[in-house]
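Asker: Have a look; sequence and predicted model below, questions after that.
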Amino acid sequence: MSSSFGHGGGEYRPRTREQSKFTTVRLTLEGEHYEILVNPDAALSYKQGRSIEPSQVIVVDEVYADSNKGLRANSEKLKKHFGTDDHAKAALEVLRRGELNLTQEQRKRLTDEKRRAVVALISKNFVDPKTSLPHPPLRIEQAMQDARVSIDPFRDVNEQMKLVVDELRVILPLKSEKVKLQVKVVAQYAGQTIGTLKNFGEILKEDWGADGGLSAIVEIPAGGQPGLLDRLGSTTKGAAQVSVVK
């Protein structure tokens, strides 16, 4: 981080062309607005909880009242809200507690990622009631487009899936259905298999043989059955025995 100003309060200096490629993290306290300039991708990684040093995120050790106008935050107000008039220290608090202003490219990327996650979850948890098979992802995506479903890049994927399903039901038949499967594997693949089953559903029963072999009953969304069978086939090299429990 570097600083190009002194530590007075309320100075005005226009935002430079170099600074315009950055974005901001904003924090409002008791009606007072504070902003810092940050590197977009580094800031996003930081906000997503990845291990990254604040020095790689914050562009300059300055807290602004309005970064577009180059208006620095008043020192007295900094002291009131952050316990210091040191811009570098206050900037760290704004970074930690503030909201990242996403770039257009970041928002599109996050929205696309969340849309794919929602589609995958719907395909896994719901089936077509006519065939009892999951809808292909492309069909779900087309239905979302037809229904003009909007995706929130920050909302929890499970919570958002429920809202999307409600909107899709008018044009796409969806049925939530679960299936119980008994899975048997020899000791060689038992450890990997139990982990796979936990990822796909709820293990209702597990029996371990004296030889280390595993026999388990797992309940999963019906739409997830093809995926589980593929995973088990890959994990056990086709040695898993799977049958439907009535």
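Answerer: Noted; the coordinates are in hand. Numbers count the residues shown, from 1 in each chain.
Asker: Where does the prediction get shaky in the chain?
Answerer: The model of the chain has pLDDT under 70 over residues 1-20.
Asker: Show which residue of the protein lies farthest from the average position.
Answerer: Most distant from the centre of the chain: residue 210, at 41.9 Å, with distances by C-alpha atoms, centre = their mean.
Asker: For the lengthiest helix in the chain, give me every contacting residue.
Answerer: Determined from DSSP state H, the single longest helix within the chain is helix 104-125. Residues outside helix 104-125 that contact it (C-beta atoms under 8 Å, 6 or more residues apart in numbering): 40-41, 44, 102, 134-137, 140-141, 144, 151-155, 157-158, 160-161, 164-165, 168, 174, 176, 221, 223-224, 227. For every residue, glycine as well, the C-beta is placed using N, CA and C.
Asker: Name the residues of that helix that are buried.
Answerer: Of all the residues in helix 104-125, those buried under the rule 16 or more other C-beta atoms under 10 Å are 106, 110-111, 114-115, 118-125.
Asker: Now residue 68, what are its backbone angles?
Answerer: When read as degrees, to the nearest 10, the backbone of residue 68 gives phi -60, psi -40.
Asker: and it, how many neighbours does it have?
Answerer: Neighbour count for residue 68, taken as other C-beta atoms under 10 Å: 12.
Asker: Now do it against residue 94, distance only.
Answerer: Residue 68 is 16 Å from residue 94, where distance means C-beta to C-beta, to the nearest Å.
Asker: now residue 228
Answerer: Counting by C-beta to C-beta, the gap from residue 228 to residue 94 is 46 Å.
Asker: Show me which of the two is the more surrounded one.
Answerer: In this view residue 228 and residue 94 are compared by other C-beta under 10 Å, and residue 94 has more residues nearby, 26 against 23.
Asker: Can you identify the element that follows the strand or helix carrying that one toward the C-terminus?
Answerer: For residue 94, the host element (DSSP states H and E) is helix 87-97. Next along the chain after helix 87-97, taking DSSP H and E as the criterion, comes strand 99-100.
Asker: Could you list the paired strands of that following strand along with their orientation?
Answerer: strand 23-29 (antiparallel) (DSSP bridges).
Asker: Quick check: closest non-adjacent residue to residue 214.
Answerer: Nearest non-adjacent residue to residue 214, counting by C-beta to C-beta, 6 or more residues apart in numbering: residue 190, 4.0 Å away.
Asker: Good, wrapping up.
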